[in-house]
Structure formats: structure tokens, C-alpha cells
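Asks: The following comprises the amino acid sequence and a computationally predicted model.
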Amino acid sequence: PSFSTTAIHLPSTLLHAINDGLMAIFFLLAGMEIKREISNGELSTKSQAILPVVAAFGGMLVPATIFILINKGSIYINGWGIPMATDIAFSLGIAALLGSRMTTQLKVFLTALAIIDDLGAILAIALFYSAQIHWVYLAFSAVIILVFFILSRFKIFGIIQFILAILLWYCFYNSGIHATIAGVVFALFIPVQKLKNFEHKLHMPVNFLIIPLFALANTAIIFPEHIIGAITTTLSLGIVIGLLAGKPIGIFLACFTAIKFKWSKLPHNTGWQHIIGAGLLAGIGFTMSIFIATLAFNDAASVDVSKISSLLGSFLSIIFGIIWFRFFCKPLTS
């Protein structure tokens, strides 16, 4: 379905309305969870906050490197960004199914890692995959963020912030930067004492409406006639191996380095086996991986193979992640 919104530059299809509009609300909820943990939770100290940041960088660098090594000199080299991203919605959805094997601390670590990961993917899109950045809209976005900052300094919070949040989303959407990042930015300026109330109100619509709608809207893929041949190309192998192996390896090595040099420490009730498990769940690329695939290639065949490979890598990450937590991680207490 299409909407007549071109004059005011809004999403023109139902798919874009879901991915750029409704998913901004999901990012808002995720951002509030992160702010709460930064303010008085598991990310409230520098050493605790460093770990997911370092882990996210490792989880982006290693998959991209694996893809480049496999596709060096090929026509597919531009797809290096596809296995970089972690899908917040699906990774946390699987984490929720793991019950007490996934403690609050580990969930916060995975959430923070996934958000930083997505921010990194969005930055990669802006720098390497965007056809054009509209600097005027980006400048307006910066002005709105400055106003957010000034209002927060004077402890002013009300309907004005919600209006500004909508304007920020609009400016991001038209700037070429992924619009959903507006949700995270807005969350950072919500007073800590109001977070719990807002989180409670958003959990139901996000978990039972937005995420299912997103899943349904993003799975329309045309499968090639020779599917086996398609998923054994270097393009497919680079994506699948990048997500399934590159993610956990990169995250583990980055965390090991950070702790070895005493930059950080493992979250409470968390062992190295849990970091590996979180790394496997971080291999669920789906949303951003598919999005980057549509930007990386101009031909429909490569885009379709990339989408299929992203789904395959994500599916295998889910399976191996569940098996890993089931057999190597005992149920924990938060």
C-alpha cells in the first residue's frame, strides 16, 4: 500500500512506515532501558559501560573483516557491512525465551551491545552506503538536540519534548540518517524518575504489536531457482560466517582484551560462557543486515542472495545460541 505523503517527505509505503516510524518507538524503549542502567544500574560505572562498547566494536570489526577476506577482489566486496549489525528486537526476543539463563545483567549487556552495534551500522550507512546526506536536515537535527539539552539542564520536561521528538524523527528521516535513532536520542533526555512509568506503558505495544508487525513486513524475499548454488557463493558465505562465527569471536576477543587490560569487568553473575552465548545471539542480524544489503548492491539477484544469507546466518545464530545456553549456561539468579 502507498500513501500520498511525498509532498511532506514522509514514509510512502507501509513497510517504510513500520521500519522508520513504529521501530523508532522500539528504539525509544531500548534507549530508556539503557539510560536507566547508565543512571543507577549495571552500566553506571565507567568500567561497566566500557565493556558493551568494546564488545560492539569487536562484533562489527571481525564479521566485516571475515567478509572482506572471503570476497577480496570479487564483485561482492561492497557487502562488507551486511554481517556487521545485530537486530535488537530479535536478539532480545530470543534472550527473553531463555528465562533464568539470561539474567538482567546479561540482557542489559546484550541490549547495550546491540544498540551501539546498530549505531555503528547506521554510521557505516551514513558514511559508506548513503547516496546522499541532506546536511540542512542534519543541521536542524543538531539544533533540536541542543534544545533538548538546554531544557534538560533547566529540568523542564513536558509536551514540548514530545513535539521536539517528532520533529527530530522527521529531520533524521529526511537527512539520510536512519530515522529510528531519534528514539534513542529522545530517551537520553527523559528524566530518570519518569523512565519506569514510560517503560511500563510501552512494553505491551512494542512486544505485542510493533515487533510482530516488523517481522511480518520484512520477510518478503524472492528465492532464486537454484537456491543451493545461491547460498554457496562467496557473498553468502561471507554473510553467514560473519554473523554465525564472526560475531561471537569478535565480541569474545574484545571483552577478553578489555578485561585483560583491566578496562572493565564482567557483569554480575556472568561468566565467559555467557559472553559467548551473547555473542551468538548478537549474530542475529536480520533488520539492519537486510537494510544494508538493499543499499550495497544494485542488482536484484545479489540483494536477494544477501537477504537469504542474512536470514540463514541469523537463523543458525538463533539455533546455536539456544543450544549453547541450554547446555553450557546454568540457570542464574539476577
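Replies: Noted; the coordinates are in hand. These numbers were taken from a predicted model, which means no experiment stands behind them.
Asks: Contacts only, for the residue most central in space within the chain.
Replies: In the chain, the residue lying closest to the centroid (CA atoms, centre = their mean) is D118, at 3.5 Å. Neighbouring residues of D118 by CB atoms under 8 Å, 6 or more residues apart in numbering: 85-86, 88, 288. Every residue, glycine included, has its C-beta placed from N, CA and C.
Asks: one more time with 6 Å, if that's ok
Replies: Residues in contact with D118 (CB atoms under 6 Å, 6 or more residues apart in numbering) are M288.
Asks: what does I249 give?
Replies: Contacts of I249 (CB under 6 Å, 6+ apart): V62.
Asks: try 10 Å this time
Replies: Applying CB atoms under 10 Å, 6 or more residues apart in numbering, we find I249 in contact with 58-59, 62-63, 66, 276, 279.
Asks: Which members of these are the farthest-apart pair?
Replies: I66 and I276 (17.0 Å; CB to CB).
Asks: Would you write a ChimeraX line that selects the buried entries of the contacts of I249?
Replies: The command below creates a ChimeraX selection of those among the contacts of I249 that count as buried (16 or more other CB atoms under 10 Å):
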select :58,59,62,63,66,276,279
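Asks: got the contacts of I249 as CSV, with pLDDT, distance to F148 and secondary structure columns?
Replies: Converted to CSV, the contacts of I249 look like this (pLDDT from 0 to 100; distance: CB to CB, whole Å; DSSP: H, G, I helix; E, B strand; the rest coil):
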residue, pLDDT, distance to F148, secondary structure
G58, 97, 31, helix
G59, 97, 29, helix
V62, 98, 35, helix
P63, 97, 33, helix
I66, 98, 39, helix
I276, 96, 38, helix
G279, 97, 34, helix
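Asks: can you put the contacts of I249 in TSV and add distance to A182?
Replies: Compiled in TSV, the contacts of I249 are given as follows (distance: CB to CB, whole Å):
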residue	distance to A182
G58	27
G59	24
V62	29
P63	27
I66	32
I276	33
G279	29
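Asks: which one of the contacts of I249 is nearest A139?
Replies: Nearest member of the contacts of I249 to A139, counting by CB to CB, is G59, at 31.6 Å.
Asks: Lowest-scoring secondary structure element of this protein by mean pLDDT?
Replies: helix 227-230 (a mean of 75; mean pLDDT, DSSP states H and E).
Asks: in that one, what's buried?
Replies: A230.
Asks: Run through the neighbouring helices and strands of the following helix or strand past it.
Replies: Moving toward the C-terminus from helix 227-230, the next helix or strand (DSSP states H and E) is helix 234-241. Applying 3 or more CB pairs under 10 Å, 6 or more residues apart in numbering; DSSP states H and E, we find helix 234-241 packed against helix 46-71, helix 286-296, helix 300-328.
Asks: 6 Å instead?
Replies: For helix 234-241, the packing partners by 3 or more CB pairs under 6 Å, 6 or more residues apart in numbering; DSSP states H and E come out as helix 46-71, helix 300-328.
Asks: C-alpha coordinates for the helix or strand that that helix is followed by, CSV please?
Replies: Sequence order places helix 247-260 as the next helix or strand after helix 234-241, per DSSP H and E. Below are the C-alpha coordinates for helix 247-260, written out as CSV (Å, rounded to 0.1, in the frame of the first residue of the first chain):
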residue,chain,number,x,y,z
LYS,A,247,30.1,-12.0,15.9
PRO,A,248,30.8,-14.3,18.9
ILE,A,249,34.6,-14.4,18.1
GLY,A,250,34.8,-10.6,17.8
ILE,A,251,32.7,-10.0,20.9
PHE,A,252,34.6,-12.6,23.0
LEU,A,253,38.1,-11.3,21.9
ALA,A,254,37.1,-7.7,22.6
CYS,A,255,35.7,-8.5,26.0
PHE,A,256,38.8,-10.6,26.8
THR,A,257,41.1,-7.7,25.8
ALA,A,258,39.1,-5.1,27.9
ILE,A,259,39.2,-7.3,31.0
LYS,A,260,42.8,-8.4,30.5
